[in-house]
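In: my questions are about this predicted structure, shown below with the sequence.
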Amino acid sequence: MSHFSERLKSLRQQSSITQAKLADDLSVTKSLISMYESGQRLPSFEMLEAIADYFNVLIIQSLITSNSMYLEVKLD
């Protein structure tokens, strides 16, 4: 499981949001959210932006591993 999938699941659970609710709010299927959380798929950059906006977090991409994407809490 990737850091992204773990963080997405954590953010969703901390917000007490179901996969179905998140999927509906992002206009995608519940199965797609499930695949993101299980590490079977990674979102497009546009979807990653939508997820980050939804949870009010920043997108940080690792410079060491190009496949690693992180969602971190915004500090305003």
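Out: Cool, the structure landed.
In: quick one: secondary structure of I60?
Out: Three-state assignment for I60 (DSSP: H, G, I helix; E, B strand; the rest coil): strand.
In: beta-bridge partners for it, please?
Out: Beta-bridge pairing for I60 (DSSP bridges): Y70.
In: per-residue confidence at it?
Out: With respect to pLDDT, I60 has a value of 73.
In: low-confidence stretches in the chain?
Out: The model of the chain has pLDDT under 70 over residues 1, 61-76.
In: which stretches in the protein count as helices?
Out: 3-14, 19-26, 30-38, 45-55 (DSSP state H).
In: in CSV: those helices, plus mean neighbour count.
Out: No exception for glycine: its C-beta is placed from N, CA and C like everyone else's. What follows is those, written out as CSV (neighbours: other CB atoms under 10 Å):
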stretch, mean neighbour count
helix 3-14, 17
helix 19-26, 16
helix 30-38, 17
helix 45-55, 15
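In: check the spacing between T29 and A23 real quick.
Out: Note on T29: its distance to A23, by CB to CB, to the nearest Å, is 6 Å.
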